[in-house]
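Colleague: Attaching a predicted model along with its sequence, questions to come.
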Amino acid sequence: MKYSIKKQFAMIFIGLMSATILLCWFINSTLLGGYYIGNKKKVLKSAYATVNKAFGAGNILTEEFDIQMQKIIEKYNISLIVLDTDSRMLITSRNDQETMSKRLWDNFFNDFTNEDERVVLEKGKNYTIQRILDPRTKTEYIEMWGVFDNGNIYLFRTALEGIRDSVAIANRFLAYVGIVAVVLSGGVILMVSRKVTEPIMELAEISERMARLDFDAKYCGNSKTEIALLGHNINELSNTLEETISELKTANNELQKDIERKNEIDEMRKDFLSNVSHELKTPIALIQGYAEGLKEGINEDAESREFYCDVIIDEAAKMNQMVKKLLTLNQLEFGNEVVAMERFDIAALICNYIQSAEILAKQKGIQVHWKEEPAVYVWADEFKIEEVFANYFSNAIHHAKGAKIIDVKLTGMGKKVRISVFNTGEPIPEESLGHLWEKFYKVDKARTREYGGSGVGLSIVKAIMESMNQEYGVINYDNGVEFWFELEAD
């Protein structure tokens, strides 16, 4: 990602480390010298206080004083000389006593006209601390000279040991260590930031799938961090959105249906009454005729009476089936039944129905071709879609001829899914194609009555698909007929 948090986090950390190292380098370059000189002054004052105290207590010749002075001289690299008022040496730390003695008297009597030779750092009642350049060796020293409380004069000195070189070396070492530290820390912070950003990227992917209305994606982290809390809240949001969208789709579908059907209700009622009267007239007449024949005893033999009873029962069963379908159609067309839009797997629905109808297909010698598909989710009323498919499949079983094959297919079409049921047999006459969806229309009335068809099944299909504002239709082929309908894919 161009603006990855992981990269930003790593760059900020590396920038802070680099700035810290540069600040240390700057402080080292500007303040280390002063700190070093200040430390040398403290050492000289400490040595002065030790010797002055020893003179005051009369312990100058003791072994304890010798050991103490030896430690100070060796630890802090101090040279010293102490003279009495007659210029006799009392204490010294060097073999070149004459040089140290000369330096001491120079401090008392030399006026130091060349200011480059000496820089006074601190001046007290009995002492002077100065920074001086040895003209012979060109070495810088910090010196402390003056008079003890008992009148003896003294000189303490310590070399600055090339403070500028020491600072340069320290800065180079700091630079090398800093570069290695930045590189190693940068690698570590990249790994750490990857661990931090992985759950964030997972949440981003989940939110992207939610934007495409895919609510199966869930956050599965089980940590107790703020990111995990956000993930659990997104899971709750996903569930709430899925329920809300389902309710909105249902409400929107009902609203569209109400608007489109409001002006058609009166006309539909008239057509319904007219068609019902026409369709019931024939079976009622048959039942009435055969019942009167039984009553009048037209045929005396038991076989004839049984035949009359079978005809009456058969026609009554056909009327009962037709009335049930008409009631279903009436509820759909007049809006008495709510279409509940929900998300379900259409492939599983088709597979289950084909398995339940397998025995009927085998009895009629029909081969059903169906390739099991992975889950295909759609938005529709699951129970009504099952009724649509059942009508298509039932028609295919009743009209399958020739090779007696039924081919069921699921085809993705972008945001739609098409479900088609093809059966081998005779094509539907072209003049009948436009009337197939009308109530009580029958292409072959004799054949329809033969298997008990009422001419209402495809009208139910039409009512269901239009109640969900989805497409449906029929296609003729040379060797058969295909009925299809489409649903909104998830």
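Modeller: In hand now; what should we look at?
Colleague: Counting neighbours, what do you get for residue 98?
Modeller: 9 (other C-beta atoms under 10 Å). The way it works is simple: take the backbone N, C-alpha and C, and place the C-beta from them, glycine included.
Colleague: same question, residue 463
Modeller: 23.
Colleague: any idea how far it lies from residue 257?
Modeller: 10 Å (C-beta to C-beta, to the nearest Å).
Colleague: Please apply the same query to residue 102.
Modeller: Residue 102 is 119 Å from residue 257, by C-beta to C-beta.
Colleague: residue contacts, the spatially closest residue to residue 480 that is not a sequence neighbour?
Modeller: Spatial nearest neighbour of residue 480, chain neighbours left out: residue 424 (4.3 Å); criterion: C-beta to C-beta, 6 or more residues apart in numbering. Residue 424 makes contact with 400, 401, 402, 403, 404, 405, 479, 480 under the criterion C-beta atoms under 8 Å, 6 or more residues apart in numbering.
Colleague: Repeat the analysis, applying 6 Å as the threshold.
Modeller: Taking C-beta atoms under 6 Å, 6 or more residues apart in numbering as the contact definition, residue 424 lies against 402, 403, 405, 479, 480.
Colleague: for residue 382, same thing?
Modeller: Here residue 382 is in contact with residue 344 (criterion: C-beta under 6 Å, 6+ apart).
Colleague: roughly how far out does stretch 412-431 sit from the chain middle?
Modeller: 41 Å (C-alpha atoms, centre = their mean, to the nearest Å).
Colleague: likewise stretch 188-198?
Modeller: Worked out by C-alpha atoms, centre = their mean, stretch 188-198 lies 15 Å from the chain centre.
Colleague: I'd like the mean pLDDT over that stretch, please.
Modeller: Mean per-residue pLDDT for stretch 188-198: 74.
Colleague: same thing with stretch 57-76?
Modeller: Rounded mean pLDDT across stretch 57-76 is 82.
Colleague: Buried residues of it, list them for me.
Modeller: By neighbour count with 16 or more other C-beta atoms under 10 Å, stretch 57-76 contains the buried residues 60, 65, 68, 69, 72, 73, 76.
Colleague: The fifth one looks like it's in a helix, true?
Modeller: Yes - secondary structure assignment (DSSP: H, G, I helix; E, B strand; the rest coil) places residue 72 inside a helix.
Colleague: shaky segments in the stretch 251-400 of the chain?
Modeller: 263-282, 286, 298-300, 318, 321-322, 324-337 (pLDDT under 70).
Colleague: What segments of it are strands?
Modeller: For the stretch 251-400 of the chain, the strands defined by DSSP state E, counting those that start in this stretch cover 342-345, 367-370, 377-380.
Colleague: Adjacent strands (with direction) for the second one?
Modeller: Looking at strand 367-370 with DSSP bridges, its paired strands and their directions are strand 405-413 (parallel).
Colleague: And the last one, by the same measure?
Modeller: Strand 377-380 has the following sheet partners, assigned by DSSP bridges: strand 342-345 (antiparallel), strand 480-489 (antiparallel).
Colleague: any idea how far the longest one is from the chain center?
Modeller: Translated: strand 480-489. 37 Å.
Colleague: I figured residue 384 was touching residue 464, is that so?
Modeller: Yes - counting by C-beta atoms under 6 Å, residue 384 touches residue 464, with 4.7 Å between them.
Colleague: These two - which one has more neighbours?
Modeller: residue 464 (25 against 21).
Colleague: and the more buried one, what does it touch?
Modeller: Residue 464 touches 384, 388, counting by C-beta under 6 Å, 6+ apart.
Colleague: Could you tell me whether it really is in a helix?
Modeller: Yes - with three-state DSSP as the criterion, residue 464 is assigned to a helix.
Colleague: From here on, call the first residue 38.
Modeller: Renumbered: residue one is now 38, and that last one reads residue 501.
Colleague: Let's verify the residue lying farthest from the centre of the chain: helix, strand, or coil?
Modeller: Largest separation from the mean C-alpha position in the chain: residue 123, at 91.0 Å (C-alpha atoms, centre = their mean). The three-state assignment at residue 123 reads coil, by three-state DSSP.
Colleague: Distance check, it against residue 163.
Modeller: 19 Å.
Colleague: Can you mark which positions in the one helix or strand residue 267 maps to are buried?
Modeller: Remark: residue 267 resides in helix 263-298, with elements defined by DSSP states H and E. Of all the residues in helix 263-298, those buried under the rule 16+ other C-beta under 10 Å are 264-265, 268, 271-272, 275, 279, 282-283, 286-287, 290-291, 294, 298.
Colleague: what's the closest of those residues to residue 416?
Modeller: Relative to residue 416, the closest of the buried residues of helix 263-298 is residue 286; by C-beta to C-beta it sits at 6.0 Å.
Colleague: any idea how far residue 432 lies from residue 341?
Modeller: 35 Å.
Colleague: quick one: which of those two has more around it?
Modeller: Using other C-beta under 10 Å as the criterion, residue 432 and residue 341 rank with residue 432 on top: 19 against 13.
Colleague: how many neighbours does residue 476 have?
Modeller: There are 23 residues near residue 476, going by other C-beta under 10 Å.
Colleague: Local confidence estimate at it?
Modeller: Model confidence at residue 476 (pLDDT) stands at 74.
Colleague: What is the burial count for the residue nearest to it when sequence neighbours are not counted?
Modeller: Closest residue to residue 476 apart from its sequence neighbours, by C-beta to C-beta, 6+ apart: residue 496 at 4.3 Å. By other C-beta under 10 Å, 24 other residues sit near residue 496.
Colleague: Next, the angle strand 517-526 makes with the helix or strand where residue 496 lies.
Modeller: Taking DSSP H and E as the definition, residue 496 sits inside helix 494-504. Interaxial angle of helix 494-504 relative to strand 517-526 (axes from the mean of the first three to the mean of the last three C-alpha atoms, to 10 degrees): 20 degrees.
Colleague: buried stuff in helix 494-504?
Modeller: Those would be 494, 495, 496, 497, 498, 499, 500, 501, 502, 503, 504, for helix 494-504 by 16+ other C-beta under 10 Å.
Colleague: In a markdown table, list those along with pLDDT and distance to residue 221.
Modeller: Shown next, in a markdown table, are the buried residues of helix 494-504 (pLDDT from 0 to 100; distance: C-beta to C-beta, whole Å):
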| residue | pLDDT | distance to residue 221 |
| --- | --- | --- |
| 494 | 82 | 76 |
| 495 | 88 | 76 |
| 496 | 86 | 78 |
| 497 | 85 | 74 |
| 498 | 89 | 71 |
| 499 | 90 | 73 |
| 500 | 87 | 73 |
| 501 | 88 | 68 |
| 502 | 90 | 67 |
| 503 | 90 | 70 |
| 504 | 87 | 68 |
